[in-house]
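[1] Build the 3D model from these lines:
(one chain, ligands or ions: 3)
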Amino acid sequence: MDDLIDTKRGLQSASMFIDPHLYEVEMEKIFGRCWLFLTHESAIPNYGDFVTAKMGEDEVLVVRQEDGTVKAFLNVCRHRGARVCPVEAGNRRAFVCNYHGWSYAADGSLAAIPFEKELYGGKIDRCAHGLKEVAKVDSYRGFLFGNFDPGAISLEDYLGDVRWYLDIWMEASGGVELIGPPARSIVHCNWKAPTENFVGDAYHIGWTHASSLAASRSIFAPMSGNQMLPPAGAGAQIATRFGHGLGILYDVNPGVHTAQTAEKILAWQATKKDKIAEKYGELKARFYGSHLNGSLFPNVSYLWGTNTLKIWQPRGPSETEVWTWAMAEKDMPEDLKRDIYNGLHGGFGTAGYWEADDNDNMESASLLPTGWQSRKLRLNAQMGIGNDTVMDEMPGVIGQAAIGETSYRGYYRFYDEILKLPSWDAFDLNDEGWKQQLIDADR
Ligand SMILES: CCSc1ccccc1
Ligand code: FES
Ligand SMILES: [Fe+3]
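    Numbers count the residues shown, from 1 in each chain. Ligands and ions are numbered 1, 2, ... in the order given. Got it, this is the predicted structure:
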């Protein structure tokens with residue numbers, strides 16, 4: 001794996017998008033040890049409410065407990081491995097397996113076995129056959145994450161510096177809600193391809209989305225066909241410790257929406273910005289009115305302004321199931337939420353026209369390296385390399401340009417680190433060397 005990621009020069013091996021052995025290592029070392037997004041608290045408010053979610057290729061049941069906490073379990077019967085709960089969401093105090101009828105309580109314990117006395121003679125240890133519980137479940141600002149590794153660092157530590165940027169829309173905005181259930185679709189690509197696009201690819205907007213920009217008459221339309229670059233000082237790229245990253249396009253929050261919906265969003269935000277500035281400072285208020293594209297390592301992405309949250313669920317090295325939610329500020333009027341929902345799914349939903357633009361790229365970038373010669377190529381994420389820096393007013397390593405690949409380099413720097421990390425015990429939370437690794441990188 002040594003020649004997979006070259007952090008020093010901002011290069012990655014094209015084989016990372018197709019190598020089946022690497023994929024198995026990712027499932028063990030990344031999806032088996034990192035915090036993975038499950039759902040939002042508001043989706044399971046009451047005792048017995050549940051949703052199914054994915055953690056890597058494992059399907060889990062996320063269940064609200066009687067005491068108000070949330071537990072997650074592998075959705076796999078402990079008898080012969082059948083799926084215990086076949087539906088995506090609902091409310092149940094018990095889950096009964098369709099195969100032989102074993103039933104589990106909401107806390108995952110094995111509650112009843114058909115003909116237990118007659119067929120097992122009381123010789124089965126029910127306590128040892130409860131649903132397999134996910135080691136850790138925790139919530140950040142209402143967003144629920146799970147971790148299979150009992151030795152993992154806390155969610156708060158794992159999010160680290162990126163919390164400052166998440167708080168722009170998860171807190172300063174007054175909080176958001178996911179308008180679901182999520183749309184689900186399959187893209188024939190490796191799960192990292194779209195995640196890296198959302199972590200930092202403002203570069204593709206003008207080129208890939210030329211027709212979509214023109215069709216939607218969006219604020220970004222002048223970038224269509226690369227007619228122009230965003231002016232100097234129009235944005236920034238941010239990389240943080242655990243690979244989470246984002247790009248900011250200043251002051252153009254509703255950039256991807258049609259002119260009509262954008263107008264409504266701008267009017268709405270104008271009613272809140274002063275209060276946000278008072279409470280959270282001018283910079284956060286500005287970022288609240290900016291467009292943010294970001295990914296949380298390993299596989300969840302968001303577009304603040306375009307109003308979407310997406311998970312790129314891996315299904316083998318060359319297939320990804322995309323879950324897409326629309327996202328709106330909790331206190332928005334219902335008609336604006338509906339406009340946002342319709343605009344989002346028309347653009348970035350399963351058959352969205354922006355999504356269709358992107359999927360062609362995701363598929364070609366992921367499928368071309370199946371060629372013996374193509375897979376030996378290095379992918380280039382050197383844009384802005386050597387100019388990254390730190391700034392007092394905002395955390396992380398910063399690329400001070402609207403278009404750059406700082407957050408790509410940050411994402412793959414941690415990807416390399418976590419693949420090589422023996423265990424979380426070997427991890428030094430206080431080691432700030434990661435910043436210098438990125439700042440000292442050069443061509
Ligand atoms: C094209 C929608 S906005 C965006 C910006 C950067 C990365 C991904 C999406
Ligand atoms: S120009 Fe970026 S992948 Fe071809
Ligand atoms: Fe795109």
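
[2] near ligand 1, which residues of the stretch 251-400 of the chain?
    For the stretch 251-400 of the chain, the contact set with ligand 1 under Cβ under 6 Å from any ligand atom comprises Val256, Asn293, Leu303, Thr306, Trp354. Yep, even glycine has a C-beta here, placed from its N, CA and C like the rest.

[3] Now render the residues you listed as JSON lines, adding secondary structure and pLDDT.
    As requested, these are exported to JSON lines (DSSP: H, G, I helix; E, B strand; the rest coil; pLDDT from 0 to 100):
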{"residue": "Val256", "secondary structure": "coil", "pLDDT": "87"}
{"residue": "Asn293", "secondary structure": "strand", "pLDDT": "98"}
{"residue": "Leu303", "secondary structure": "strand", "pLDDT": "97"}
{"residue": "Thr306", "secondary structure": "coil", "pLDDT": "93"}
{"residue": "Trp354", "secondary structure": "helix", "pLDDT": "92"}
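
[4] biggest separation within the residues you listed, which pair?
    Asn293 and Trp354 (12.0 Å; Cβ to Cβ).

[5] Who has more neighbours out of the two?
    Shown here are Asn293 and Trp354; by other Cβ atoms under 10 Å, Asn293 has more neighbours (27 against 24).

[6] which ones are touching the spatially closest residue to the more buried one that is not a sequence neighbour?
    Spatial nearest neighbour of Asn293, excluding adjacent residues (Cβ to Cβ, 6 or more residues apart in numbering): Gly247 at 4.8 Å. Contacts here follow Cβ atoms under 8 Å, 6 or more residues apart in numbering; on that basis Gly247 touches 199-202, 235-238, 292-294, 402, 404, 407.

[7] now do Ala285
    Ala285 neighbours (Cβ under 8 Å, 6+ apart): Ala172, Lys273, Asp274, Ile276, Ala277.

[8] could I get those residues as CSV with secondary structure?
    Putting the contacts of Ala285 into CSV (DSSP: H, G, I helix; E, B strand; the rest coil) gives the following:
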residue, secondary structure
Ala172, helix
Lys273, helix
Asp274, helix
Ile276, helix
Ala277, helix
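
[9] Pull out the buried residues from these.
    Those of these that meet the buried threshold are Ala172, Ile276, Ala277, by 16 or more other Cβ atoms under 10 Å.

[10] and the spatially closest residue to the second one that is not a sequence neighbour, what helix or strand is that in?
    Read it as Ile276. Excluding its sequence neighbours, the residue lying closest to Ile276 (Cβ to Cβ, 6+ apart) is Ala285, at 4.4 Å. In this assignment (DSSP states H and E), Ala285 forms part of helix 282-288.

[11] circling back to that earlier point, and the residue nearest to Asn293, bridged to which residues?
    Gly247 has these beta-bridge partners by DSSP bridges: Gln237, Asn293.

[12] can you give me the helices in this protein?
    Applying DSSP state H to the chain gives helices spanning 20-29, 155-159, 162-167, 192-200, 205-208, 210-216, 259-270, 273-280, 282-288, 334-348, 353-367, 406-420, 433-439.

[13] comparing those, which gets the lowest mean pLDDT score?
    Here the lowest mean pLDDT among the helices of the chain goes to helix 210-216, at a mean of 88.

[14] Mind giving me the packing neighbours of that helix?
    Other elements packing on helix 210-216 under the criterion 3 or more Cβ pairs under 8 Å, 6 or more residues apart in numbering; DSSP states H and E are helix 353-367.

[15] chain center to the helix it packs on, what's the gap?
    18 Å (Cα atoms, centre = their mean, to the nearest Å).

[16] Using CSV, write out every CA atom in that helix.
    Written as CSV, here are the backbone C-alpha positions of helix 353-367 (Å, rounded to 0.1, in the frame of the first residue of the first chain):
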residue,chain,number,x,y,z
TYR,A,353,-29.7,16.9,-13.8
TRP,A,354,-26.7,17.9,-11.7
GLU,A,355,-26.4,14.4,-10.4
ALA,A,356,-26.5,13.0,-13.9
ASP,A,357,-23.6,15.3,-14.9
ASP,A,358,-21.6,14.1,-11.9
ASN,A,359,-22.3,10.4,-12.2
ASP,A,360,-20.7,10.2,-15.7
ASN,A,361,-17.4,11.5,-14.2
MET,A,362,-17.7,9.3,-11.1
GLU,A,363,-18.2,6.2,-13.3
SER,A,364,-15.4,7.0,-15.8
ALA,A,365,-12.9,7.9,-13.0
SER,A,366,-13.7,4.6,-11.3
LEU,A,367,-13.9,2.3,-14.2
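
[17] Check which helices and strands it sits against.
    Packing contacts for helix 353-367, counted by 3+ Cβ pairs under 8 Å, 6+ apart, involve strand 176-187, helix 192-200, helix 205-208, helix 210-216, helix 334-348.

[18] which parts of the helix or strand of the chain with the lowest mean pLDDT are buried?
    Ranked by mean pLDDT, DSSP states H and E, the helix or strand of the chain with the weakest confidence is helix 210-216, at a mean of 88. Buried residues in helix 210-216, counting neighbours by 16+ other Cβ under 10 Å, are found at Ala210, Ser212, Leu213, Ser216.

[19] possible to save the residues you listed as a markdown table with distance to Leu22?
    Below are these laid out as a markdown table (distance: Cβ to Cβ, whole Å):
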| residue | distance to Leu22 |
| --- | --- |
| Ala210 | 34 |
| Ser212 | 33 |
| Leu213 | 35 |
| Ser216 | 37 |
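
[20] Mind picking the two most distant members of these?
    Most distant of those, by Cβ to Cβ, are Ala210 and Ser216, 11.4 Å apart.
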